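# Got a predicted structure plus its sequence, pasted below:
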Amino acid sequence: MEPDPPEARRRPSPLRGLLLVLPLWSRFALGALPLGSSPRRVSPDLLSEQQLLEVEDLTLSLLQGGGLGPLSLPPDLPNLDPDCQELLLDFANSSAELTGCLVRSARPVRLCQTCYPLFQQVVSKMDNISRAVGNTSESQSCSRSLLMADRMQIVVTVSEFFNTTWQEANCANCLTNNSEELSNSTVSFLNQFNLTLTCFEHNLQGSAQSLLPPKNFSEVCKNCRESYKTLSSLYIKMQKMNELENKAEPGTHLCIDVEDAMNITRKLWSRTFSCSVPCSDTAPVIAVSVFILFLPVVFYLSSFLHSEQKKRKLILPKRLKSSTSFAHIQENSN
C-alpha cells in the first residue's frame, strides 16, 4: 500500500476549526499551551497528528453528549423524603388557592367572607410542616429543610405574608368559633347590605323608565331610606360591640369587608344620590340650642339687676345719739 501523499496528510480536517472555540483547559490538557503561559491564538498546524486525533476524538465525544464521563450528584446534596415532599406540595397548592382568592376578592373587598376557609387550610398545612410529627429524626429534618435550610426561607416568608394580610384586614372581627365561620352580626349586616343595594338598583331602573331627569334620584332617597337607616344602625351597633370586646389589634376597626361595604353605601347615598336622613331628635336639639343662645342674655340681665344701686339710709350709731342728748341737756340747764 502506497503512503498518502504529503498533501493529503497536510489537508486540514473538518474538525480543525473547532479548535478555535474549544475551552482553554482542553489545550492545556493536550499540551497546546504550556502551563503558566498566557492564552493566545494557536494555529492547528503547530499540533502533531496524534494531538489532532485526540482533539477530534474529544470533540466528537462532546458533540455526541458523552461529556467527560458519567456525572454523579454530590453525596451531600439535600433531598426530601416522599412525606416531606407531600407536605411541601400541599402547602404550595393551598397557598396558590388562597392567593387567587385574595386577588379575586380585592375589589369590592370580600376577602374575609370568601377566603377564610382557604386561610384556615393554609394555617393547617403550615402547622403540619412546622411541628415535628412523632419526634422522629426524619420529621425534624423535614421541618429544618423546609423552614430553615436557606437564607430566603420561602415557606416561612409566604406564611408570614398571609398572616400579616389577615391581621391587617381584621378578619377575626367578622368570624367566630376560632375563625371557622362568619359571626351572626356579620351575616345580618351583609344581608342588609345586599338588600340596600337591591333597593338602589330597583329604584334606579324605575327612574330611568320615567320622564324624570336622569340625575333626579328622589325615588331612591324616598323608597330606600328605611333600608339605609337599618344598615347604618347595624354598622354603629357592630362598632360599639367591637369597642367593648376590643378584639381588633390595630385599633378598633371592624373587618375590611364590613368597612368597605359601609363606605360604598355611604358614597352612593350622599354623593351619588345626594340623599339625606332627617334627624329624629330635632325638637330636643332645637330646645338645647335656644337655651344655650339665651344663656348670655340671662347672665347679663341678672348681673345688671343685682348691681343696681339702692338708696342708702344714714343710721347714726348709739354712742353718737347719747352724746348729742347730753349736750342738749347741758344747753337747756344753762
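Nice, thanks for sending it over.

# can you give me the helices in the stretch 201-334 of the chain?
218-223, 225-245, 256-266, 282-306, 318-333 (DSSP state H, counting those that start in this stretch).

# of all those, which lies closest to C84?
Across those, C84 has its closest neighbour in helix 256-266 (35.6 Å, CB to CB). For the C-beta atoms, the positions are set from N, CA and C on the backbone; glycine is no exception.

# could you give the angle of the closest one to helix 225-245?
Here the directions of helix 256-266 and helix 225-245 differ by 150 degrees (axes from the mean of the first three to the mean of the last three CA atoms, to 10 degrees).

# Against L197, how distant is L268?
Noted for L268: a distance of 8 Å to L197, by CB to CB, to the nearest Å.

# Pull out the buried residues from the helix or strand containing L88.
Assigned by DSSP states H and E, L88 belongs to helix 82-104. Judged by neighbour count using 16 or more other CB atoms under 10 Å, the buried positions of helix 82-104 are 84, 87-88, 90-91, 94-95, 98-99, 101-102.

# so which of these would you say is closest to L118?
For the buried residues of helix 82-104, the nearest to L118 is L98 (4.3 Å; CB to CB).

# Give me the nearest residue to that closest one, chain neighbours excluded.
Nearest residue to L98, sequence neighbours excluded (CB to CB, 6 or more residues apart in numbering): L118, at 4.3 Å.

# Same check on C142?
Distance criterion CB to CB, 6+ apart; nearest residue to C142, sequence neighbours excluded, is C84 at 3.6 Å.

# Would you check that that neighbour makes contact with S145?
Yes: C84 lies in contact with S145 (CB atoms under 8 Å); the separation is 6.6 Å.

# Reformat the helices of the stretch 201-334 of the chain into CSV and put mean neighbour count and mean pLDDT next to each item.
As requested, these are exported to CSV (neighbours: other CB atoms under 10 Å; pLDDT from 0 to 100):
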stretch, mean neighbour count, mean pLDDT
helix 218-223, 16, 92
helix 225-245, 15, 92
helix 256-266, 19, 96
helix 282-306, 10, 74
helix 318-333, 9, 56
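
# and L190, which of these is closest to it?
Closest to L190 of the helices of the stretch 201-334 of the chain is helix 256-266 (CB to CB; 7.0 Å).

# got the contact list for the closest one?
By CB atoms under 8 Å, 6 or more residues apart in numbering, the residues outside helix 256-266 that reach it are 108-113, 169-171, 173-174, 186, 189-190, 193, 196-197, 228, 231-232, 235, 238, 253.

# same deal with stretch 97-114?
115, 118-119, 121-122, 162, 165, 169, 171, 174-175, 182, 186, 190, 255-257, 260-261, 264.
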